[in-house]
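Trainee: sequence and computational prediction follow.
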Amino acid sequence: MKLRLTWLAMIVVAGSGSAAWADAPVAWESTYQPVASTPTLIRNATLLIGNGERIDGADVLMISGRIDKVGRGLALPDGGTAIDGSGKWVTPGIIDVHSHLGVYPSPGARAHSDGNEMTSPVTAQVWAEHSVWPQDPGFATALAGGVTTMQILPGSGNLIGGRGVTLKNVAAESYQAMKFPQAPQGLKMACGENPKRFYGGKGQAPMTRMGNVAGYRAAFQEAREYHRGLKRHASKREEQASRSRRDAPAVGGGDLDTPKRDLRLETLAGVLDGDILVHIHCYRADEMEVMMDLAREFEFKIAAFHHGVEAYKIADRLAQENICGALWADWWGFKMEAYDGIVENIALVDRPKGGCAIVHSDSAEGIQRLNQEAGKVIGHARAVGIEITPEHAIRWLTANAARSLGVDDRTGTLEAGKMADVVIWNREPFSVYAQAEQVFIDGALLYDRTDPARRPVTDFMLGQEVTP
Amino acid sequence: MSARIRLLAAIAAVAFTGSVFAQDLLIRNARVHTAAAAGTLENTDVLIQGGVIRAVGSSVSAPAGIAEVDAAGRALTPGLFAGLSGLGVEEVSGEPDTVDNTLALASPTNLPAHEPVWRPEFDMLPAFNPRSSAIGVSRVAGLTWTMLAPGTVAGGSFVAGQGGAVTLDGRYDAEIDGSQSLFINLGSDANTLAGGSRAGQFLLIDQALREARPAPSAAMAAITPGHGLLTALGRETLMRYARGGRVVFHVDRASDIRQALKLAERAGFQPVISGAVEGWLVAGDLARTQVPVLIDPLENLPRGFDQLAARLDNAAKLHAAGVPVAFTQSGDATHNARKIRQLAGNAVANGLPWEAGLAGLTRVPAEIFGVADRLGSIEVGKQADLVLWSGDPLEVTSVAQQVWFGGRAASMQSRQTQLRDRYLAPQGTLPRAYSR
């Protein structure tokens, strides 16, 4: 994935003279550095691994930012810290695939409204990361809810809203220092009411759902042509290079004009290459089917439908197409396309073989308690005879979320070798009374409910509670 | 709504018109959360006759022929309060034609222009539709009553108008007597309707009160202009509240809460504070005057500069100071009214005693809105609006298993349960549109 991105980048920046020095920062890449940590052993807890397994009375050993071992009776390395996990539950760090923290931060001042570039229905050139305000107090409250990774997306006002970014939930002065290393970017697209309402209301396209689809198709057709142009150019260069090697001394080949760089189409070309993962805000079942056809026509893959209040109606087809449903537990009715919401949606999307259900928030409040959202689903599913174990449900907010973000090889489970993104809960986590007691990111204790020195306070909140 | 549910609703509506038809029922062996002084009673029976609770105790003797329900130790609570909401006046939030909870007579889309725009006489009750799908969805989640609360929009006034409590049992004449209240929304949200300053809000209210008060003499009356902010009806309405009527101030910032309390005192209002995100900072002032609050304990982020001191233990701190605490939602209060239980649970997780958490969903809101003689607790003489739960009623994994209105079992189906059931079953030979 990384290589392919580089391939594209090399073509489009060829001739710009941007030689990358070893260790020098590369534009827009992550500068995240894990906080230093000592080896930590959590002993004798109930572990929900994230791969469907549960291990009672077991230990988790974290060394150098990684999960080193999981099992019973593990030894504490010299200089390490032991934590008594008796009565506690341990899960992978929670991952929210749909957040607007930083781009629609608190306080919701006018000056902070940075999530929707609603100046044109297709703004594939904008990147949510360029709007992220790292001082949003919502990052700290999400951390208290056990959230260690989140995808920050542009809003849903546009057909194609721009690129999303995956962040680690660490306090920093810049988004680059929060950026999840080597995580693919997302592309935010939106179905249905939002784009057509906004642009249609101005007498512009799209005004209808068919206008929406025409808009996606026009953009992807352009992208396809742009992408072909780049590829043609690359193969000509390759051909020329091999010819000049063969027919030494080099005779200058034909003049190869580098295709003009187009930031908007570059994003969509990244989608066609599979480097940028597609996340689509889409409520209705029929519209999700339409978007699956769009993906077929232009040969790209949809990572997840977000919100999908009607996903339960097409759960089998989502599973067949290997598309995740990133869903709420109970939101419905706030607009027409949300009228058919049911509380069992996540359970029904989860049900088919290969089903990929994700609990998401889209909310600075909801992100703090994704565990409770899952709890609602467990309770309602039980009432209709679907029993969902905690070790299964935890996947909705960890491993499945990681999969849709393309980071499941690094986080989302408590398996050896993964990033040590770990939450210790005071009890079974799917309860309204459950609280994250300690949260580790890459092995570093960055939240502790009982230790104010281990709780981040953003610059914005600092001093606001001072009383005379 | 299927024909069957319509029929059930119709039966329920008939039943409530007279106690003759109301259900008699004995619920055995419940964990009874009375929400009253008795607290929680294990292995307890509740006898209902004529729709009213007649006995609460162990081994209550069964009148001949009475229907019995074995609760098997499960939790029984009073029917829950759905918070301040638009249930029955808001079908789909994004479709203005289906939303009736705001009045904006000066809106550019309204012709002819209606002057003035201040209409405290506006009362939401005539807009109430008991057949709204959101009511069924809320009912099966254990919510049995709500308080209709008008909102404020551009073109209207921050003196939003009146609302009242309604039962969610499906009857048309759903208003619960004695609950009518005036709603006034203060703080930064209302700034644009008060000349851009929150001080303007107080100026305008004082002006309206001056208009409403009877002129001290006939001579003075002659020189008083016909109307300024208010119509004749508006003046009458405002005066009714100025004689001790209940006024719900929606206000979050600590300093604004104090101003609202002062206003209530000089105006003669009986104040209730909703919102109160920074309430904990002025808990002493609220407790001293026993002014109750309706809060959303999930509000721990500064939505704006009015909520900078938001914190998760707001409910716990207010309760500890002696302030009566009830719950209401800041967000999706109508469609997701059922989320109110989660609010209470989180307040408990953050320091509020469990019994106070339940009381905030039952007894306290009933007391606030003047209906506690009938609703909000399981006590002899109270209306038998009850809910049987699969587990702890404040727990997100629990569900309502049976709801009773006046002792009559409500249908536990809603539009959502029917959608669920349609897609839960494997599709047969016919398309799903044929299954119901």
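Mentor: Structure received. Residues are numbered from 1 along each chain as shown, chains lettered A, B, ... in the order given.

Trainee: can you tell me the helix or strand for the residue in the stretch 151-300 of chain B that chain A sits nearest to?
Mentor: Closest contact between the stretch 151-300 of chain B and chain A, by CB to the nearest CB, is at residue B:298 (5.3 Å). For every residue, glycine as well, the C-beta is placed using N, CA and C. In this structure, residue B:298 sits in neither a helix nor a strand according to DSSP states H and E.

Trainee: show me the contacts for the residue lying closest to it once chain neighbours are set aside.
Mentor: Spatial nearest neighbour of residue B:298, excluding adjacent residues (CB to CB, 6 or more residues apart in numbering or on different chains): residue A:365 at 5.3 Å. With contact set as CB atoms under 8 Å, 6 or more residues apart in numbering or on different chains, residue A:365 has these partners: B:298, B:299, B:301, B:331.

Trainee: measure residue A:365 to residue A:270 for me?
Mentor: 32 Å (CB to CB, to the nearest Å).

Trainee: try residue B:25
Mentor: 64 Å.

Trainee: same question for residue B:228.
Mentor: Using CB to CB, one obtains 62 Å as the distance from residue B:228 to residue A:270.

Trainee: again, but for residue A:101
Mentor: 24 Å.

Trainee: please apply the same query to residue B:384.
Mentor: For residue B:384 relative to residue A:270 (CB to CB), the value is 63 Å.

Trainee: now residue B:42
Mentor: 62 Å.

Trainee: likewise for residue A:461?
Mentor: 36 Å.

Trainee: mind listing the strands for the stretch 251-400 of chain A?
Mentor: A:277-282, A:302-307, A:324-327, A:357-359 (DSSP state E, counting those that start in this stretch).

Trainee: wait, which of these is closest to chain B?
Mentor: Using CB to the nearest CB, the nearest of the strands of the stretch 251-400 of chain A to chain B is strand A:357-359, at 12.1 Å.

Trainee: re the thing from before, ok, residue B:42 and residue A:270, which is more surrounded?
Mentor: Between residue B:42 and residue A:270, residue A:270 has the larger neighbour count (other CB atoms under 10 Å in any protein chain shown), namely 24 against 10.

Trainee: correct me, but the more buried one touches residue A:185?
Mentor: Yes. Applying CB atoms under 8 Å, one finds residue A:270 in contact with residue A:185, separated by 7.5 Å.

Trainee: quickly list what's touching both of those two.
Mentor: residue A:276.

Trainee: what about the residue lying closest to residue A:80 once chain neighbours are set aside, how many residues close to it?
Mentor: Closest residue to residue A:80 in three dimensions, ignoring its sequence neighbours and counting by CB to CB, 6+ apart: residue A:39, at 3.5 Å. Residue A:39 has 17 neighbouring residues, counting by other CB under 10 Å.

Trainee: so residue A:39 makes contact with residue A:66?
Mentor: No. Using CB under 8 Å, residue A:39 is not in contact with residue A:66; the gap is 10.4 Å.

Trainee: would you map the strands across the stretch 101-250 of chain A?
Mentor: A:147-152, A:160-168, A:186-190.

Trainee: export the ones you listed to CSV and tack on mean pLDDT and mean neighbour count?
Mentor: Below are the strands of the stretch 101-250 of chain A laid out as CSV (pLDDT from 0 to 100; neighbours: other CB atoms under 10 Å in any protein chain shown):
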stretch, mean pLDDT, mean neighbour count
strand A:147-152, 98, 30
strand A:160-168, 98, 27
strand A:186-190, 98, 28
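
Trainee: which one of those lies nearest to residue A:52?
Mentor: strand A:147-152 (19.7 Å; CB to CB).

Trainee: I would like the residues contacting the closest one, please.
Mentor: Under CB under 8 Å, 6+ apart, the answer for strand A:147-152 is A:93-103, A:128-129, A:132, A:142, A:164-169, A:180, A:186, A:279, A:367-368, A:370, A:401-402, A:405, A:407, A:411, A:421, A:423, A:439-441.

Trainee: how far out from the middle of the chain is it?
Mentor: 6 Å (CA atoms, centre = their mean, to the nearest Å).

Trainee: relative to strand A:186-190, how tilted is that strand?
Mentor: Here strand A:147-152 runs at an angle of 60 degrees relative to strand A:186-190 (axes from the mean of the first three to the mean of the last three CA atoms, to 10 degrees).

Trainee: if the residue nearest the centre of chain A is in a bridge, with which residues?
Mentor: Taking CA atoms, centre = their mean as the criterion, residue A:151 is the residue nearest the geometric centre of chain A, at 3.2 Å. Beta-bridge partners for residue A:151, by DSSP bridges, are residue A:166.

Trainee: enumerate the residues of the stretch 51-200 of chain A near chain B.
Mentor: Counting by CB under 8 Å from any CB of the partner chain, the stretch 51-200 of chain A comes close to chain B at A:106, A:107, A:108, A:109, A:137, A:138, A:141, A:193.

Trainee: in helices, which of the residues you listed fall?
Mentor: A:137, A:138, A:141, A:193 (DSSP state H).

Trainee: does the third one touch residue B:298 like I think?
Mentor: Which is residue A:141. No. Residue A:141 lies out of contact with residue B:298 (CB under 8 Å); the separation is 10.3 Å.

Trainee: shared neighbours, those two?
Mentor: Counting by CB under 8 Å, 6+ apart, the shared contacts of residue A:141 and residue B:298 are residue A:368.

Trainee: can you check the pLDDT for residue B:192?
Mentor: On the pLDDT scale, residue B:192 is placed at 89.

Trainee: what sits closest to it if chain neighbours are left out?
Mentor: Residue B:192 sits nearest to residue B:154 (CB to CB, 6+ apart), 6.7 Å away.

Trainee: what about the one you found, how many residues nearby?
Mentor: Look at residue B:154: counted by other CB under 10 Å, it has 11 neighbours.

Trainee: how about it, what does it touch?
Mentor: So residue B:154 contacts B:104, B:107, B:192, B:193 (CB under 8 Å, 6+ apart).

Trainee: 10 Å instead?
Mentor: The neighbourhood of residue B:154, defined by CB atoms under 10 Å, 6 or more residues apart in numbering or on different chains, consists of B:102, B:104, B:106, B:107, B:108, B:192, B:193.

Trainee: is the last one in a helix, a strand, or coil?
Mentor: Using DSSP: H, G, I helix; E, B strand; the rest coil, the secondary structure recorded for residue B:193 is helix.

Trainee: any idea how far it is from residue B:159?
Mentor: 9 Å.

Trainee: which residues do the two both contact?
Mentor: Common neighbours of residue B:193 and residue B:159 (CB under 10 Å, 6+ apart) are B:117, B:118, B:152, B:185, B:201, B:204.
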